[in-house]
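K.L.:
I would like the atomic coordinates for the input below:
(chains A and B)
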Amino acid sequence: MSSVNYNVLGLIFASMHDSYVSELTKQRTMGSIPFGGRYRLIDFPLSNFVNSGITEVGVITKSNYGSLLDHLGSGRDWDLARKKGGMHLLPPYSQTGGIYKGRLDALSNMWGFVEHSKAQYVILSNCDVVTTIDFNPVLRQHQETGADITLIYKKSHYDCEKDKCSTILEFGDDNTINDVLVAPQISGECNQWLDMLIINKDFLRKIVFDASSRNLYSFTREILQNKNSEYKIMGYEHKDFFVRIDSKDNYYHANMMLLDTETRNSLFKKNMPVFTKVGDNAPALYGLESNIKNSLIADGCIVEGTVENSIIFRGVKIGKDTVVKDSIIMQGTKIGNNCSISSVIMDKNVEVSDEGVLTGTKNCPFYVDKNSKI
Amino acid sequence: MYTKKNVVAMLLAGGQGSRLYALTKNVAKPAVPYGGKYRLIDFPLSNCTNSGIDTVGVLTQYQPLVLNEYIGNGQPWDLDKMNGGVHVLPPYESQAGASWYEGTANAIYQNMNFIRRYDPEYVVVLGGDHIYKMDYSKMVDFHIANDADCTISVIDVPLAEASRFGIMICDEQNKVIDFVEKPKEPKSTLASMGIYVFSWKKLEKYLIENENDANAKRDRGEKWSKDFGKDIITSMLRDKQRLFAYEFEGYWKDVGTLDSLWEANMDLLSPSVPLDLYDPSWKIYSRSNYMPPQYIGSNARVENSMIAEGSSVDGSVDFSILFDGVTVEEGATVDYSIVMPGTVIKSGAVVEYSIVGSDCVIEGGVHIGKSPEQVENRDDWGIAVVGHNVTVSGGKSVEPKQIIGENI
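P.N.:
Numbering: from 1, shown residues only, chains lettered A, B, ... in the order given. Below you'll find the model as predicted:
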């Protein structure tokens, strides 16, 4: 196989589950939520495709996608500004008027794009699951088993109190999936679907048109739940780290997980770089009395104070005698001198003047809106 | 099809940089890393883009692989253009035979056809080994306002240092009267920065004349050269052409030696040095390598330093510049040093007053460099240097002024 695989089309739903993180999606969509110091959530699925040699990718938008378009541009930073394939933005609209309702509805609306592709297989991915995955072994397994659909899942701990939009898969004797539960009232080790799947294009066409004719729109309900005895739906077990962003608190914890070296090594692999929009910032600069412990710090920051257990995005300024602890500080935010910031999610371009004090708790971090002045 | 460009820049990037020794063994000097994430050539390329010059020829010769790969299609500097953009111009073979570039003037002479395609009014000639931010368009405006044939950018240097530079002697209107290369007794403190604006038709004429003259001298067995400062400027002065000095105020640093490369990096840590890399209106662009943010660990002590993406620090870093992907393990110390991309400083190693090249491994118990205070005779002090891809094994030390190019 060549390094580019034209036989697979990637589709990313950039706006799935926006409402779960309403604070962060006030002025943006799921795919453009900042994550991990220098990324947006869509960087992960895009990079997964590119690193798997899949260079024809459609990005399906829904609402509030201004910041997403700004981030993606022509797709150049992901090497997806291509003549053959490349990244395509697919604006939302529904044949019945208004914005699409579910995955099947969305696919039916933009089917022309899928049809036009020469690819035989389609991989669907959302943006709210952060993981690094090579799709090539998934494709191989899908081809070997002759499945109609292969769902990518991971065995991991599920807690119905915390994991609000997880889908749990259950397998029958023949290793096909025979039950699919959305946010069931159970807890313990489960097969959690990563909202990623591979499907034959011909099969996808059939179910999309069939659903459209019956006015059905939910892929999970109509296909995975109602048709799992009729179709051959298999699972592919992903072994590496994943985290789902389905609430503000989970968003906070997901970021904090990156302070663990093992997690970082699982997400940022040497041969699978995570691409993002290039910022052309100078390296981070630390002042004479800076004191940094257990933190991720991006380029372009100027830090003169103390930072502990925090994620600091690009171009953040932290003044003298200021202490930032257990916090996420997004791009371009400026924190003055003598401030105390603890357990806070500070959105982009916030300005905190000298002596400012903001405190949340680790279980319920305090969220500060984009462009606020404090 | 080529449309006319008012200004074309020619960047001389073929230099070996022999005084950077181990650091330029396999890379041309303009590709030497600087400032945590840059290479020297990022400065003139970014200055071109920020000055509105979108057509740049880069003349390469010595060890061009890394440099060519780094420039690529010029996209990081916004120089991937349908018309214009950045073009790497290596020496080539023609019907008359193949020829290496025989000096800076000859390098441009051999690429006159590249310039002619764009039919420019002015040609800006740049070097690839200086650190500075400069708006070349203002210099071109100055050139036009003076109706000059050639404008040379100069900087006022301390008298004590003037004999290291090419010195311009000017009248009150900044018109150049004389030019002396490295004078023993300098009559002025205006040093040439190696940045020229020429009216193209004039430059073309002098390049051809100089080429013919030099070849004739060579045929007669006489001494000949094909250099900008030595030949083109001197001939233009002799012919009473209009040469002007454009005085530049701001940070400008020549990084021709290991000591000056170290100093130029350390300058970035000094608040009194007027080189702002954080100014969004004049960014210095570079090719990104897509690394995650840097991780500063729980045992780390990081002060007064510049650290780039992908680095991981759990030791002590003070007054230092760490490039991308550098690891400083717990119990390792890096002081007053420059550590280039991908290098690992292991637990128990001490690196001070040093430059460590890229992808090195400095094992525990190694001591590299010394502070000036630790050296009895001040003349024996200098920075210690470890070249690229070198492993320094446990217990070994690298003394001040020592340069290591192979594993020890």
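
K.L.:
List, one by one, the residues from chain A near chain B.
P.N.:
Counting by CB under 8 Å from any CB of the partner chain, the positions of chain A adjacent to chain B are A:36-38, A:76, A:259, A:261, A:264, A:267-268, A:273-276, A:278, A:280-300, A:302, A:307, A:311-312. C-betas here are computed from N, CA, C, even on glycine.

K.L.:
just the buried members of the residues you listed?
P.N.:
A:36-38, A:76, A:259, A:264, A:267-268, A:273-276, A:278, A:280-287, A:290-300, A:302, A:307, A:311-312 (16 or more other CB atoms under 10 Å in any protein chain shown).

K.L.:
Just the ones of the residues of chain A next to chain B in strands?
P.N.:
Within the residues of chain A next to chain B, residues falling in strands by DSSP state E are A:284-286, A:291-293, A:295-297, A:302, A:307, A:311-312.

K.L.:
could those be laid out in a markdown table, adding pLDDT?
P.N.:
As requested, those are exported to a markdown table (pLDDT from 0 to 100):
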| residue | pLDDT |
| --- | --- |
| A:284 | 96 |
| A:285 | 96 |
| A:286 | 96 |
| A:291 | 94 |
| A:292 | 96 |
| A:293 | 96 |
| A:295 | 97 |
| A:296 | 97 |
| A:297 | 97 |
| A:302 | 96 |
| A:307 | 97 |
| A:311 | 97 |
| A:312 | 97 |
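
K.L.:
Mind checking which residue lies nearest the centre of chain B?
P.N.:
residue B:129 (1.4 Å; CA atoms, centre = their mean).

K.L.:
how far away is that residue from residue B:11?
P.N.:
The gap separating residue B:129 from residue B:11 is 10 Å, by CB to CB, to the nearest Å.

K.L.:
for residue B:274, same thing?
P.N.:
Residue B:274 is 24 Å from residue B:11, by CB to CB.

K.L.:
Have a look at the two and say which one is more surrounded.
P.N.:
The neighbour comparison of residue B:274 against residue B:11 (other CB atoms under 10 Å in any protein chain shown) goes to residue B:11, with 24 against 11.

K.L.:
I'd like the next helix or strand past the helix or strand harbouring the more buried one.
P.N.:
When elements are assigned from DSSP states H and E, residue B:11 belongs to strand B:7-12. Proceeding N to C from strand B:7-12, the next assigned helix or strand is strand B:33-34, under DSSP H and E.

K.L.:
which helices and strands sit right next to that following strand?
P.N.:
helix B:258-267 (3 or more CB pairs under 8 Å, 6 or more residues apart in numbering or on different chains; DSSP states H and E).

K.L.:
hmm, the helix or strand that comes right after the helix it packs on touching chain A?
P.N.:
Downstream of helix B:258-267, the first helix or strand assigned by DSSP H and E is strand B:294-296. Yes: applying CB under 8 Å from any CB, one finds strand B:294-296 touching chain A at B:294, B:295, B:296.

K.L.:
what sits up against whichever helix or strand comes after strand B:294-296?
P.N.:
Using DSSP H and E, the helix or strand that follows strand B:294-296 in sequence is strand B:301-303. Defining contact as CB atoms under 8 Å, 6 or more residues apart in numbering or on different chains, one finds that strand B:301-303 is touched by A:286-292, B:296, B:313, B:315-319.

K.L.:
Go ahead and confirm residue B:30 touches residue B:39.
P.N.:
Yes: here residue B:30 reaches residue B:39: they are 6.8 Å apart, a contact under CB atoms under 8 Å.

K.L.:
The two: which is more packed in?
P.N.:
residue B:30 (30 against 23).

K.L.:
Quick one: neighbours of residue 55, just the number.
P.N.:
Unless you meant another one, I'm taking chain A. Counted with other CB under 10 Å, residue A:55 comes out at 23.

K.L.:
I was thinking of chain B, sorry if that wasn't clear
P.N.:
Neighbour number of residue B:55 under other CB under 10 Å is 24.

K.L.:
cool, the one 10 residues further on as well?
P.N.:
Neighbour count for residue B:65, taken as other CB under 10 Å: 12.

K.L.:
Need the residues that contact stretch B:203-223.
P.N.:
So stretch B:203-223 is contacted by B:102, B:105-106, B:108-109, B:112, B:115, B:123, B:150, B:224-226, B:231-232, B:235-236 (CB under 8 Å, 6+ apart).

K.L.:
burial count for residue B:280?
P.N.:
The number of residues near residue B:280, taken as other CB under 10 Å, comes to 10.

K.L.:
How about the contacts made by it?
P.N.:
Contacts of residue B:280 (CB under 8 Å, 6+ apart): none.

K.L.:
Model confidence score at it, please.
P.N.:
On pLDDT, residue B:280 comes in at 89.

K.L.:
ditto for residue B:255
P.N.:
Reading off the model, residue B:255 has pLDDT 88.

K.L.:
what comes up buried for stretch A:132-148?
P.N.:
Burial within stretch A:132-148, assessed by neighbour count using 16+ other CB under 10 Å, is assigned to A:132, A:133, A:134, A:135, A:138, A:139, A:141, A:142, A:147, A:148.

K.L.:
who's in contact with that stretch?
P.N.:
A:1, A:5, A:8, A:44, A:47-49, A:51-54, A:121, A:123, A:150, A:152, A:176, A:194, A:196, A:198-200, A:203, A:231-234, A:236, A:238, A:240-241, A:266-269, A:272, A:274.

K.L.:
swap in stretch A:328-339?
P.N.:
A:34, A:252, A:255, A:298, A:304-305, A:310-324, A:341, A:344-358, A:365, A:370.

K.L.:
Among these, name the buried ones.
P.N.:
By 16+ other CB under 10 Å, these give A:34, A:252, A:255, A:298, A:304-305, A:310-320, A:322-324, A:341, A:344-350, A:352, A:356, A:358, A:365, A:370 as buried.

K.L.:
Filter these down to just the ones in strands.
P.N.:
Among the buried ones among the contacts of stretch A:328-339, the ones falling in strands (DSSP E) are A:34, A:311-312, A:317-318, A:323-324, A:341, A:344-346, A:352, A:358.

K.L.:
Point to the helix or strand of chain B where mean pLDDT is at its lowest.
P.N.:
strand B:97-98 (a mean of 72; mean pLDDT, DSSP states H and E).

K.L.:
Residues of chain B that sit close to chain A?
P.N.:
B:35-37, B:75-76, B:268-269, B:277-278, B:283-286, B:288-298, B:300-309, B:321-323.

K.L.:
Can you give the contact residues for stretch B:59-68?
P.N.:
By CB under 8 Å, 6+ apart, stretch B:59-68 touches B:10-16, B:24, B:26-31, B:41, B:58, B:88-91, B:100-101, B:107-108, B:111.

K.L.:
And for stretch A:13-22?
P.N.:
Contacts of stretch A:13-22 (CB under 8 Å, 6+ apart): A:25, A:29-33, A:42, A:59-65, A:68, A:92, A:103, A:106, A:124-128, A:164-165, A:195, A:245-248, A:251.

K.L.:
how near is residue A:192 to chain B?
P.N.:
Distance, residue A:192 to chain B, using CB to the nearest CB, to the nearest Å: 25 Å.

K.L.:
quick one: low-confidence ranges for chain A?
P.N.:
Where chain A drops to pLDDT under 70, the residues are A:1, A:93-98.

K.L.:
Fine by me, thanks again.
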